[in-house]
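Kindly return the folded structure for what I paste below:
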Amino acid sequence: MSGDARPITYLTTLDLDDEWLGALVKVCPNIDIRREVVTSADQISADVWAQTEILHTSQVFPDPAAAPALRWIQLDTSGVEHVVGHPIWAEQRVAITTLGGIAPVPMAEYVVMSLLQLAHHQPQLDALRRAKSWPSAAHRLATLTPLPVDGATVVIVGYGRVGRECARLLHALGMRVVGVNRGGGRREGEVFDTGRAFAERDAVRVVAVSDLDSVLPETDYLVVLTPSTPETAGMIDAARIARLKRGACVVNASRGGVVLESALLEGLASGQLHYVSLDVFEDEPLPPGSVWWDHHSAMITPHVAGLAPRYAEQALSLLSANLIRYREDRPLLNRADRAAGY
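A predicted model of the protein is given here:
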């Protein structure tokens, strides 16, 4: 990394405007900005790759040998699963940082929206609207009385920045919150976080993922927010669905494949699950023939939970902070954990 005033060559493959990039110059006057909006590494000349020290991209990565000066990749994604199989992932001289922390607030809002819609039978209400059917008072009382929220238990699998913001909002609704993560505590390392302060120590019970099975039987709502890694693939399977409190609801805003869709379908068919809300799928885009499009007990959205209304502003804040840290030889925010795979 660099602590002097020599030029730092920054290459972005993103379609960032001049004003956004100009703000980086104010933060780091010795930065030499290159912008090449491409979709593959071979669309960028060998000379540019040879000079690039900082790469800002979503999915365009050079062969390590082609970029000897490269020291840092700032991803425009929160996940790293698309990088793990690339040779650059194994190149230890190159730090990789993520966009994590941009979306805790909108993602938590999405989770709360989904949970409340399930509690208030939105799948059934949508079906009634499509059918232009107004149910009788007896039918409404028997089938549309809300599921409990106040006093119910929500288990958040993947209790990090987004999970903490979810917990803050759900605790305000009177819910009992249990967070589940790898070690039963906070992730180590310096991270970017646009979530809001929350006295979680008194409001959230946090357990390790090794204790997940022990908390599933008390779960009214299961919220899944984990990254996609070999360890999380299929972690919510039929056996774990079967351990949930009967009639539980599931909200999945993590990655496709973390929750097995076959297990969800079995759980819905048997009545083990009441409803599910899915933003991610094993096969994306969701095929036209998928059963989820018309499933009477499911709400689905097209992978939108992480969209952030203040993305440009917050992404600039993160990259600016990291540029200052890079220039001063300080640890970068959101550094990917290569051992953990996220």
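
Tell me which residues touch residue 194, please.
With contact set as CB atoms under 8 Å, 6 or more residues apart in numbering, residue 194 has these partners: 101, 102, 103, 104, 105, 310, 314. Just so you know, the C-beta spots here come from the backbone N, C-alpha and C atoms, and that holds for glycine as well.

burial count for the last one?
Pointing back at residue 314 there. 18 (other CB atoms under 10 Å).

One more: the third one?
When neighbours are defined as other CB under 10 Å, residue 103 has 25 of them.

Check the second one too.
Neighbour count of residue 102, defined by other CB under 10 Å: 26.

For it, give its distance to residue 308.
In this structure, residue 102 and residue 308 are 5 Å apart, going by CB to CB, to the nearest Å.

any shared contact partners between the two?
residue 314.

now the strands: where do they sit in the protein?
Along the chain, the stretches classed as strands by DSSP state E are 8-12, 31-35, 54-57, 72-75, 95-97, 153-157, 176-181, 204-208, 221-224, 248-252, 273-278, 298-300.

and the ones you listed as a markdown table, adding mean pLDDT, mean neighbour count and distance to residue 63?
Shown next, in a markdown table, are the strands of the chain (pLDDT from 0 to 100; neighbours: other CB atoms under 10 Å; distance: least, CB to CB, whole Å):
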| stretch | mean pLDDT | mean neighbour count | distance to residue 63 |
| --- | --- | --- | --- |
| strand 8-12 | 97 | 22 | 15 |
| strand 31-35 | 97 | 17 | 18 |
| strand 54-57 | 98 | 25 | 13 |
| strand 72-75 | 98 | 24 | 13 |
| strand 95-97 | 98 | 21 | 15 |
| strand 153-157 | 98 | 24 | 36 |
| strand 176-181 | 96 | 23 | 35 |
| strand 204-208 | 95 | 17 | 38 |
| strand 221-224 | 98 | 28 | 35 |
| strand 248-252 | 98 | 26 | 35 |
| strand 273-278 | 98 | 24 | 37 |
| strand 298-300 | 98 | 19 | 39 |
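
Of all those, which one comes closest to residue 120?
Across the strands of the chain, residue 120 has its closest neighbour in strand 273-278 (10.3 Å, CB to CB).

can you pull the contacts of residue 223?
111, 115, 154, 155, 156, 157, 163, 166, 250, 251, 253.

try residue 315
Per CB under 8 Å, 6+ apart, neighbours of residue 315: 76, 99, 102.

what do you get for residue 241?
250, 263, 264, 266, 267, 272, 273.

so which of the residues you listed is the most crowded?
residue 250 (26 neighbours).

Kind regards, and thank you for your time.
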